[in-house]
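Chemist: Turn this into a structure:
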Amino acid sequence: MRGRRGSASIAANPVLIGAATTLVVIVAVFLAYNANTGLPFVPTYQLDVRVPNAANLVKGNEVRVGGTRVGIVNTIEPVRLPNGRFEAKLTLKLQTSVKPLPKDSTILIRPRSALGLKYVEITKGTSRQGFPDGATVPLANQKPRQVEIDEVLNTFDDKTRAAAQENLLEFGNALAGRGDDLNTFFQSANPLLRDLVPVMSNLSDPRTNLRQFFRALGRSASIVAPVAQTQGDLFANLDRTFTALDEVKSDIARSIEGGPPALDAAIKGFPVQRPFLRNNEALFRELRPGVHALRPAANDLADAFVVGTPALRKSVALNKRLEGTFKALQRFAEDPLTTLGVRDLRNLATILNPTIADLRPEQTVCNYITLLFRNVASLLSEGDGNGTWQRFIVVAAPVLPNNEGGPSDGPANGPAGTPNFLHSNPLPNTPGGGRTNECEAGNEPWTPDKVVVGNVPGSQGIKTEKTKRSLSD
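Modeler: Numbers count the residues shown, from 1 in each chain. I've put the predicted structure just below:
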């Protein structure tokens, strides 16, 4: 009786009933709120997954294996790579039943509905090695690349839709009113398809290498794509050309009729002309450098022809008077001693060639040879009524120790503040011959209070005094 009264008293107590109901509701709400992130006090298997793009995933999306929910996406974080690009790191909370996940498993983000909801699909591999708890699944396991529905829809852009409409319209116009022709085509298609079977079997045979053919065809198309407009213009120009040829087709016909006799004559004549043509080809090949060099002088040559034409008319009489001279030159050329002299001149030119090659930059760059002859001429440029004499000036050496005017035990070296310092450069640098490319002779700077023997420091450049006879002007 006491137990019954106690039970009746609890059931009859509305405060206790309300408290119990509130506690049940709180627990239900807590469990419902945490259902998407895993139930409390339930062990989980956690993995970090690298993917190139989170692809509209959100926290709490499902993780499935074979269509069965095995976990959720706990967190999504961007990861910056050393090259500046970004990847996404997904933290997955999985059931312990999939632990350990084989290392050759693949990860793919797939759409759950057309509204954009996504989930992570795991395809378990067969490797005996698995990822431990907390490990990171590398980006290489993200395959194959998923194709988003928006990428598919973006292929149908404005140009594609307009082209599809135009194709439908043109196909409709092409097939309209051609029912009988289509029936005839389908009736004739059966023999075509029957005979097409062995042809397609040959094409599908790996030995045909048809795949490589289409790859090569694609490369050929990509190569000629930049000149597509040029090819179109070519066909348009060919149309104009053949239209013009149509107007002279009778002349072309007569030319074709006369072609065989002309070919027969060419077969007989060309072998005889071949040596002449070969010699002409060699002649023009040898003349090519000279003609190229004459191009800048074309205007001068034209003037020379204008001026030389009258002189050429008068050269007939001159040639008659020169007949004896040329005979004498012929006898001179046929003289054996002349050959010996020409050979000696050739040897002399060969011997002097290195010297001339070494002296050439000294003149073309520094103008030294022209300056030498000018200064030699100036030695005798002054005098009186009885003749000229060599110019000279007496330069007295300073009366100081080791001066250049008397005996000394060393080079002139001072003291400081006096002009008693030796400056001598017996072998100045000049261009050519492997020397430093500078015109040092005559351009050495005066260094006060210092003995300078040999080449002066630094480059003195390639500027010298110019003259009218300088080849470098």
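Chemist: Find the nearest non-adjacent residue to G442, please.
Modeler: T464 (6.7 Å; C-beta to C-beta, 6 or more residues apart in numbering). (Glycine included, C-beta is placed from N, CA and C.)
Chemist: Pull the contacting residues for the one you found.
Modeler: Applying C-beta atoms under 8 Å, 6 or more residues apart in numbering to T464 gives the contacts 366-368, 371, 439, 442-443.
Chemist: wait, isn't L301 in contact with R295?
Modeler: No. L301 is not in contact with R295 according to C-beta atoms under 8 Å; the separation is 9.9 Å.
Chemist: Between these two, tell me which one has more neighbours.
Modeler: The residue with more neighbours, out of L301 and R295, is L301; 12 against 8, by other C-beta atoms under 10 Å.
Chemist: Setting aside sequence-adjacent positions, which residue approaches the more buried one most closely?
Modeler: Per C-beta to C-beta, 6+ apart, closest to L301 is L294, 6.6 Å.
Chemist: Model confidence score at the residue nearest to G442, please.
Modeler: Here, the pLDDT recorded for T464 equals 83.
Chemist: Take the contacts of T464 and keep only those in helices.
Modeler: The members of the contacts of T464 that map onto helices under DSSP state H are 368, 371.
Chemist: Among the contacts of T464, which one sits closest to L115?
Modeler: The closest of those to L115 turns out to be C439 (C-beta to C-beta; 85.6 Å).
Chemist: residue nearest the centroid of the chain?
Modeler: I223 (16.9 Å; C-alpha atoms, centre = their mean).
Chemist: Against which helices or strands is the top helix by length along the chain packed?
Modeler: Using DSSP H, we find that the single longest helix of the chain is helix 249-294. Applying 3 or more C-beta pairs under 8 Å, 6 or more residues apart in numbering; DSSP states H and E, one finds that helix 249-294 makes contact with no other helix or strand.
Chemist: what's downstream of it, the next helix or strand?
Modeler: helix 298-321 (DSSP states H and E).
Chemist: Check the offset of that next one from the chain's centre.
Modeler: 54 Å (C-alpha atoms, centre = their mean, to the nearest Å).
Chemist: pLDDT averaged over the lengthiest strand in the chain - what is it?
Modeler: Counting residues, the longest strand found in the chain (DSSP state E) is strand 68-80. Strand 68-80 carries an average pLDDT of 87.
Chemist: what does stretch 136-146 give?
Modeler: pLDDT averaged over stretch 136-146 gives 76.
Chemist: do the same with stretch 286-294
Modeler: 84.
Chemist: Kindly report the same for stretch 415-428.
Modeler: Per-residue scores along stretch 415-428 average to 84.
Chemist: Also stretch 297-312?
Modeler: pLDDT averaged over stretch 297-312 gives 85.
Chemist: Stretch 109-123 too?
Modeler: For stretch 109-123, the mean per-residue pLDDT is 80.
Chemist: hang on, the earlier thing: next one: the residue nearest to G442 relative to A441, how far apart?
Modeler: Using C-beta to C-beta, to the nearest Å, T464 is found at 9 Å from A441.
Chemist: With T96 instead?
Modeler: 95 Å.
Chemist: can you check L47 too?
Modeler: L47 sits 83 Å away from A441, going by C-beta to C-beta.
Chemist: try I109
Modeler: As judged by C-beta to C-beta, I109 and A441 stand 82 Å apart.
Chemist: higher neighbour count, those two?
Modeler: Neighbour count, other C-beta under 10 Å: between I109 and A441, I109 has more, with 23 against 17.
Chemist: looking at the contacts of T464, which has the most residues close by?
Modeler: Of the contacts of T464, with other C-beta under 10 Å as the count, C366 tops at 26 neighbours.
Chemist: Who are the contact partners of the closest residue to that one other than its chain neighbours?
Modeler: Distance criterion C-beta to C-beta, 6+ apart; nearest residue to C366, sequence neighbours excluded, is C439 at 3.8 Å. Contact analysis of C439 by C-beta under 8 Å, 6+ apart lists 365-366, 368, 430-431, 460-464.
Chemist: one step back: you'd agree the residue nearest to the centre of the chain is in a helix?
Modeler: Yes. I223 forms part of a helix when assessed by DSSP: H, G, I helix; E, B strand; the rest coil.
Chemist: Tell me the pLDDT of it.
Modeler: Confidence score, pLDDT, at I223: 87.
Chemist: Can you give me every residue that contacts it?
Modeler: So I223 contacts nothing (C-beta under 8 Å, 6+ apart).
Chemist: So which residues of the protein form helices?
Modeler: Using DSSP H, helices in the chain cover 2-11, 14-33, 149-154, 158-175, 179-204, 210-224, 228-247, 249-294, 298-321, 323-334, 336-364, 368-378.
Chemist: which of those is buried the deepest?
Modeler: When the helices of the chain are scored by mean count of other C-beta atoms under 10 Å, the highest mean neighbour count falls to helix 368-378 (a mean of 14).
Chemist: Which elements pack onto that helix?
Modeler: helix 336-364.
Chemist: so how far is the helix it packs on off the chain centroid?
Modeler: With C-alpha atoms, centre = their mean, you get 48 Å for helix 336-364.
Chemist: what's the angle between it and helix 368-378?
Modeler: On the basis of axes from the mean of the first three to the mean of the last three C-alpha atoms, to 10 degrees, helix 336-364 is oriented at 90 degrees to helix 368-378.
Chemist: beta partners of the closest residue to L94 other than its chain neighbours?
Modeler: With C-beta to C-beta, 6+ apart as the criterion, L94 has its nearest non-adjacent residue at 3.6 Å, and that residue is G71. G71 forms beta bridges with V63, L94, as assigned by DSSP bridges.
Chemist: ok, and what's touching stretch 301-313?
Modeler: Under C-beta under 8 Å, 6+ apart, the answer for stretch 301-313 is L294.
Chemist: Burial check on P398, number of neighbours?
Modeler: Based on other C-beta under 10 Å, the number of other residues close to P398 is 12.
Chemist: From P415, how far off is it?
Modeler: P398 is 11 Å from P415, by C-beta to C-beta.
Chemist: what do you get for S188?
Modeler: From S188 to P415 the distance is 121 Å (C-beta to C-beta).
Chemist: now do Q165
Modeler: Counting by C-beta to C-beta, the gap from Q165 to P415 is 104 Å.
Chemist: cool, and L23?
Modeler: For L23, the distance to P415 - C-beta to C-beta - is 115 Å.
Chemist: now Q231, nearest residue through space, not along the chain?
Modeler: Using C-beta to C-beta, 6+ apart and skipping the chain neighbours, the partner closest in space to Q231 is V224 (7.1 Å).
Chemist: Show me what counts as buried in stretch 421-436.
Modeler: Buried residues in stretch 421-436, defined by neighbour count with 16 or more other C-beta atoms under 10 Å: 421-423, 428-432, 435.
Chemist: mind checking the end-to-end distance for it?
Modeler: Terminal residues of stretch 421-436 lie 26 Å apart, using C-alpha to C-alpha, to the nearest Å.
Chemist: Residues contacting that stretch, please?
Modeler: Contact partners of stretch 421-436, identified using C-beta under 8 Å, 6+ apart, comprise 357-362, 365-366, 368, 404, 411-414, 437-441, 444, 446-456, 459-460, 462.
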